[in-house]
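Peer 1: Sequence first, then the predicted structure:
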Amino acid sequence: MWRMTHKASNVTIATYLITSWKCKKSQSYPIEKVNASSDSPTPSTHQSSSVIIITGSPLSFFSSEFQKPTDSHRVTAMEKQETLFTKLKKPIEAFVYASTKLALPLRRPFSHSSKPTFVDEEALAKLKLKMEAIRAALVKADALAMNDAQDRVWLRELRDLECWAEDVVEEIQFESMRSTRLEQFKLELMLSSSRKGKRKRGEFSSLFSNVPSGSLSFKIKRIADRYHDIAKDRDALRITDEDGPRRLHPNARTPTSSLPLCELFGRKKDMDDVMKLLISDNADNNCVFSTIPIVGMAGVGKTTLAQHLFNNEIVQSKFNLMIWVSLSHQSGVVEATRKIVAGLTKSECNLTELELLHHEVVSLISCKKFLLVFDDMWDENPENWLTLTVPLKHGAKGSKVLVTTRSNKVSQIMSPKKHPLNPLSNYDCWLLCQQKACHGRTVDLCADLLEIGMQIAKKCQGLPLAAKAVGGMLSKSVDQKYWGEVLENHLWLEDEDANHLLRALHVSYEFLPLNLKRCFAYCSLFPKGYLFDKSKLVQLWVAQGFTEDAGTKSFNDLVDRCFFQYSPFHYHTEGIFVMHDLYHELAQHVSGYEYNRIDNYKVAKLNDKARHSSLVPQKNHTEEAIQLGSLSGKDLRSFLFVGRTEIKTDEIPFCLNIPCEIFLNLDCLRALDLSNTDIVELPYSIGNLIHLRYLSLENTRIRCLPESIGGFFNLFTVNLHSCYFLEELPRGITLLDNLGHLYLSYRKNCNMWMPSGVGKLTKLQTLPLFVVGSDPDSCGIGELRDLEKLRKDLCILGLNNVSDAQLAGPAKINTKSKLQKLTLEWSLAGFTSTDFCEESSKVLEILEPNPNLEELHIRGFPGTRSPSWLNYLPEFKLVSLDLKDCRNLEYLPSLGRFPNLKHLYIQSMARLQYIGNEFYGLSGSSSDPFYQSSVAFPVLETLMFKKMDAWEEWVGGAAGDFPRLRFVFLNSCTKLRLLPLFSPSVNLRVTNCPVLNVSVSHPVLEYAQCISSV
C-alpha cells in the first residue's frame, strides 16, 4: 500500500487516487512529489504541502517488483510472473474500480463550486417581512371569533405558509454557513483518522454538496405567490374587526351565588384553615382589610368551599356585611364594582361611571366590617386590582376579601399568602360520586358495584366536578354491567355533565395567549400520567422556535394557571410535574391536525398533515421490533419516542427497525427523540436533518454519533444520558455554536473520547461530563476556560492526563458560579512517581471551585497534600464533601469550620493513620474570632469513614463539637482502636472494625460493639 502524508490544510484530496492503465511489462513507474496547489502531477522537490503519488499502472508496479535480475532463471521467473499476474489482475482491477468510485465524492470540490449559495438579498428581505406579517395576522386572528369552516381553512393555510417560510429562511442560513464553516472541517476530516479508525464517508458526504441557488429562489417565489393568493380574500392579511366579532371567551360556568349546591366532602381541614384566617383581625400592610386567595385548578371545588365558608354561622357572626360577587373573563373594574354595589343594596345597579360607583361603595361600607367574596377572578393586571379595592379601605378593621381563582399570578397580586386547594382523596371522590349516582339517597351497594365505583372514582383524580359528572352518568342505571362499561370505555366523558366539565376547562385554554396555546397543545404528544421534566419540555419547545427564556416563562405561566402540578412523588427542586387527566383530554381536544400521538406501536403511521408526532409503546411491550418503515411526513417537525418516564436500565429496551433512508423524507424535523430503544447507530440519512434542534438518544446502546452532526448548526440539545456504550463524541460536535445542553453520564472506568474544540461551545449550560484526553486531538483541561455558563453538575475525568499544572490554570473553575456539584477524578491506574504525585497536588491547588459550590467530590487524587482552599473557608456554601481513593494523603484537611457542611464522606485513604485537631480546624491562630467563637462542624449531620485500612486513632476536638450530628458510619476500618466522644443521640453504626469492637474502654465503644453485634 502507498502511504501519503500532508502538511497543510489546503492539500487537494488525493487519498485513494489510483489511475489504472493497461498492464505493460516494459514500462517504468517513477514516484513523483506533487505540489498540492497544482492541478496536475508535476515533479517537485518542495517539501511542504505535498503528497506522494505513484504514477503508472499498479499492475505494472507489481511486475517490476517480481522481476528477477539473473539470466539463468529469467524464463522461469517470467512464467511465474505471468501466473501471478493472471491471479492478481482481476482482484486488483476490482480494487482500482472500487477505490476510484469511493474517491469520487472526496476528489470533487467542496460542492458544485467552492462558493456559497447566493440568494437575492431583496427577495430574502421580502420573505422575512412576509413571515412577520403572517405571524402578526395569526396572533390577531386568535383574538377573533372566526369559527366557520372557511375561516378555519384559511387560518390553517396561513399557518402552513408560516412554517414553510421558516423552513426556507433556515435553509438559506444553513447554506450560507455551510460553505464557510464546513470546508475546512471536511479537509481535516478526510486527511485524518478518528481515534478508532477512519470514519465512514457516508456519514458526512451528504453535507458537502450545496443546494443550487435556483432551488431556493424558486421556493421563495412560490411562497410569495402563495402569500398573495391567501391575502386576496383578507386585504393583504390586514385582519380587521369586520372579519369577525371580538372573541368572547366562553363562560362555561353558570354564574354562582352564595348558596352551596352540594354537600362538602373531604374539606374539613381546608375549612378550618381558611376560617381561622377569616375570623382573625389581622390585616395586610396596615390596611383595614386582608385578602385570602383560594387557588386551584378548574373543578377542584374552590367555589363550593367558599360557599360553605360564606354560610358558616361562626363566619357570619364576625361581619356586618356579606357580599358575594360572581365574576368572569369579561368582568372589568366597572362591572365588578357595580356588582359590589348590587350585593350591598340587594338591587340592580345602573351606574356606569367609576367615580360614582366608588363613592357609592364608600357610603355603604364606611366603618363597617365586611366579608367580600370574588368568585372566579381572572384579571392579572395589578393596576386593576388596586383600582377595584380603593373604596374597600373605608371599611372597618378586620374586614376580609376572599378570592377564588385558577391563577397563581392573580393570588400573587393580591397577597403574599394563599390557600392552595388540592384534589380530594379517592375515597372522598367516591363519596361525592356515590351521592350523585344514588340521587342523595342512602343505598346499599353490593361489593362488586362498590369495587367498580371506587375504580371509576379513582379516574377522577380528585376533582369534585369530575366526580359529579361520573355520578350523573352512573345514576342512569345502578347495574354492574353498565358500570363496568362506564369504567372500561370512558362513557362518562360523553355525558352532558362531562361536556360541561370540559367546557369549564376549555375556558382556561381560551384565556391563554397564542404561544401558550401551542405549548399546551404540544403536551398532547405525551400519554396520560406522564411525568413531565420541565427542562426537557422547555427544550422541546425551544426546538419549535422559542428561546429558552421564553419557554421557561411559558412553562411557569402554565403552572401558575394550574395546567401543571408538581409531582407528588418528587421534590419540587427536581422540576418534575404532572398533568391532570382531564387537562390531558383538553390538550388532545385542542391539538387539532398538527399533533398526532400513535398508541399502536406495531406499525407507525402518521397523519400526512401532522407537524408533531409521537410513538407511545404499550406498557407490557415485547422484544418484537417496532417498524418505522412507513414513517414519513414532509412537514413533520417533531418525532418523539415516548417510552418510560423513569429510566430503568435493566428493563428490555424497545426494539426499533429504522431503515437507512428514513430521514430523507423528514427534512423539516426539529426534534427527534429515540430514547429507551436498542439502537446502536444512527442511519446516514440523519445528515439530511439540517433544521434539527433537539436530539435525544437517552438510555440507548449508541456507540458513536455520525460526523454529519457537525452540520446541525441550530442544534440546541443533545441528550446522551445513560448511554453507557458510548465510546466517543464526533469531531463535528465542536462546530455546534448554538449547543446549550450536552447530557452525558458518568460511569466507572469511563474512557469516552472527547475531541479537542469543545471549549468553543461557549453557550453550553449543561455538560455533566468532561473527559481530559491524553492524545493531541482530544480535549484538554484548558478548554473549560470559556464555558462560563455551565450550571448544575460537572464531572472532570482524566485529570491524570494533565501533565503540567500550568495547563489547569486556564480552566478557571473558580469563575463557574452556577455550578452546584463538582467532581474531580484521577485514574487509579499507574502514575505513582513522585513527580507525578507532586504535579497532581499542584493541579488540585489550581482547580479551586467557586464559593457557591454546594457539593464536591474528589476521587483518585494521588497527591501528598490537600489543597489550601480546602481549609478554613467560611465563605464556602459547601453542603456535601466526598474524599475517595486519595491514597497518598496522610492527613485530612481542616474541615471543621465549613459553616454549611452537612454531609462528609471519607473513603479508601490508604496512608491515613491519625485524625487529630487539624481535622477540626483547631490548628489556626487562637486570636482568630471565628476560631474563638464557634464549634467544629456546626451543622454536620452525616459522617462516614469507609475502607480506611491504616487508620488507628481519632482524637481531638472539644465538648460541643458536632452539635447536629445524627449518623456516624464506620466500615472496614480494620485498625481503628480509638474514637472521640459523641452525643448519646448520635446513631453510630460500625461494621468490620475488629479492633474497635474488642476495645471496650469507652461508653461510645460499648454502644458501637452492641450495634456491630446486632
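Peer 2: Yep, it's here.
Peer 1: Now do the SS call for residue 888.
Peer 2: Here residue 888 is coil, with the state taken from DSSP: H, G, I helix; E, B strand; the rest coil.
Peer 1: contacting residues for it?
Peer 2: Contact partners of residue 888, counting by Cβ atoms under 8 Å, 6 or more residues apart in numbering, are 837, 861, 862, 863, 864, 911. Where C-beta positions appear, they are placed from N, C-alpha and C, glycine not excepted.
Peer 1: pLDDT at the last one, what is it?
Peer 2: At residue 911, the predicted lDDT confidence score is 92.
Peer 1: try the third one
Peer 2: Among the per-residue scores, residue 862 holds a pLDDT of 91.
Peer 1: and it, that's in a strand?
Peer 2: No - when classified by three-state DSSP, residue 862 is found to be coil rather than part of a strand.
Peer 1: where does it fall, phi/psi-wise?
Peer 2: When read as degrees, to the nearest 10, the backbone of residue 862 gives phi -90, psi 0.
Peer 1: any idea which element residue 473 lies in?
Peer 2: Residue 473 is part of helix 464-474 when elements are defined by DSSP states H and E.
Peer 1: sorry, back to before: turn the contacts of residue 888 into a markdown table, columns for neighbour count and distance to residue 706.
Peer 2: Below are the contacts of residue 888 laid out as a markdown table (neighbours: other Cβ atoms under 10 Å; distance: Cβ to Cβ, whole Å):
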| residue | neighbour count | distance to residue 706 |
| --- | --- | --- |
| 837 | 17 | 41 |
| 861 | 26 | 37 |
| 862 | 26 | 38 |
| 863 | 22 | 40 |
| 864 | 17 | 45 |
| 911 | 15 | 47 |
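Peer 1: so which of these comes closest to residue 391?
Peer 2: residue 861 (69.6 Å; Cβ to Cβ).
Peer 1: how far away is the closest one from residue 261?
Peer 2: 69 Å (Cβ to Cβ, to the nearest Å).
Peer 1: Same check on residue 585?
Peer 2: Taken as Cβ to Cβ, the span from residue 585 to residue 261 is 24 Å.
Peer 1: do residue 789 as well
Peer 2: For residue 789, the distance to residue 261 (Cβ to Cβ) stands at 54 Å.
Peer 1: These two: who's more crowded?
Peer 2: residue 789 (15 against 11; other Cβ atoms under 10 Å).
Peer 1: Would you mind giving the contacts of residue 888 as JSON lines with distance to residue 943 added?
Peer 2: Listed next are the contacts of residue 888 as JSON lines, based on distance: Cβ to Cβ, whole Å:
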{"residue": "837", "distance to residue 943": "27"}
{"residue": "861", "distance to residue 943": "20"}
{"residue": "862", "distance to residue 943": "25"}
{"residue": "863", "distance to residue 943": "23"}
{"residue": "864", "distance to residue 943": "24"}
{"residue": "911", "distance to residue 943": "20"}
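Peer 1: how much space between the nearest residue to residue 393 once chain neighbours are set aside and residue 395?
Peer 2: Leaving out its chain neighbours, the residue that sits closest to residue 393 by Cβ to Cβ, 6 or more residues apart in numbering is residue 288, at 5.9 Å. Using Cβ to Cβ, residue 288 is found at 5 Å from residue 395.
Peer 1: ok, these two, which is more surrounded?
Peer 2: Counted by other Cβ under 10 Å, residue 288 and residue 395 do not tie: residue 395 has more neighbours, with 26 against 18.
Peer 1: And stretch 778-793, what's buried?
Peer 2: 778, 779, 780, 781, 782, 783, 784, 787, 790, 793 (16 or more other Cβ atoms under 10 Å).
Peer 1: Other residues contacting it?
Peer 2: Residues contacting stretch 778-793 (Cβ under 8 Å, 6+ apart): 195, 753-768, 770-773, 796, 799, 802, 807-813, 815-816, 818-823.
Peer 1: Partner strands of the one helix or strand residue 943 maps to, with direction?
Peer 2: Element membership of residue 943 [criterion: DSSP H and E] is strand 942-946. Strand pairing for strand 942-946, determined by DSSP bridges: strand 903-907 (parallel), strand 967-971 (parallel).
Peer 1: Run through the stretch 1-150 of the chain and note the low-pLDDT ranges.
Peer 2: 1-120, 144-150 (pLDDT under 70).
Peer 1: 80 instead, please
Peer 2: Within the stretch 1-150 of the chain, the ranges that satisfy pLDDT under 80 run 1-124, 140-150.
Peer 1: Repeat that for the stretch 851-1000 of the chain.
Peer 2: Looking at the stretch 851-1000 of the chain by pLDDT under 80, you get 871-875, 921-934, 957, 997-1000.
Peer 1: ranges for the helices of it?
Peer 2: In the stretch 851-1000 of the chain, the helices defined using DSSP state H, counting those that start in this stretch lie at 917-920, 929-933, 994-998.
Peer 1: Also the stretch 201-350 of the chain?
Peer 2: Ranges of helices in the stretch 201-350 of the chain, per DSSP H, counting those that start in this stretch, are 213-231, 268-279, 302-310, 313-316, 333-345.
Peer 1: Can you tell me which helices and strands the helix ranked longest in the chain packs against?
Peer 2: Of all the segments assigned as helix in the chain under DSSP state H, the longest by residue count is helix 149-190. If contacts are counted by 3 or more Cβ pairs under 8 Å, 6 or more residues apart in numbering; DSSP states H and E, helix 149-190 sits against helix 121-142, helix 213-231.
Peer 1: with the contacts of residue 888 in mind, which one is nearest to residue 938?
Peer 2: Among those, and counting by Cβ to Cβ, the member closest to residue 938 is residue 861, at 26.3 Å.
Peer 1: Mind telling me what element residue 486 is part of?
Peer 2: Assigned by DSSP H and E, residue 486 falls in helix 480-489.
Peer 1: same thing with residue 535?
Peer 2: Here residue 535 is assigned to helix 534-542, by DSSP H and E.
Peer 1: can you dump the C-alpha coordinates of that helix into CSV?
Peer 2: Taking C-alpha atoms only, helix 534-542 is exported to CSV below (Å, rounded to 0.1, in the frame of the first residue of the first chain):
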residue,chain,number,x,y,z
LYS,A,534,-39.6,20.8,33.0
SER,A,535,-36.1,21.2,31.4
LYS,A,536,-36.8,18.6,28.7
LEU,A,537,-40.2,20.0,27.8
VAL,A,538,-38.8,23.6,27.6
GLN,A,539,-36.0,22.3,25.3
LEU,A,540,-38.6,20.7,23.1
TRP,A,541,-40.4,24.0,22.8
VAL,A,542,-37.1,25.7,22.0
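Peer 1: burial measure for residue 804, as a count.
Peer 2: Using other Cβ under 10 Å: residue 804 sits among 11 other residues.
Peer 1: meant to ask about residue 263, not that
Peer 2: 11.
Peer 1: Quickly note the distance from it to residue 312.
Peer 2: Taking Cβ to Cβ as the measure, residue 263 falls 14 Å from residue 312.
Peer 1: on that earlier part again, pick the most deeply packed of the helices of the stretch 201-350 of the chain.
Peer 2: Comparing those by mean neighbour count (mean count of other Cβ atoms under 10 Å), helix 302-310 ranks first with a mean of 23.
Peer 1: got the residue ranges for the helices in the stretch 651-800 of the chain?
Peer 2: Using DSSP H, counting those that start in this stretch, helices in the stretch 651-800 of the chain do not occur.
Peer 1: Run a quick neighbour tally on residue 441.
Peer 2: 7.
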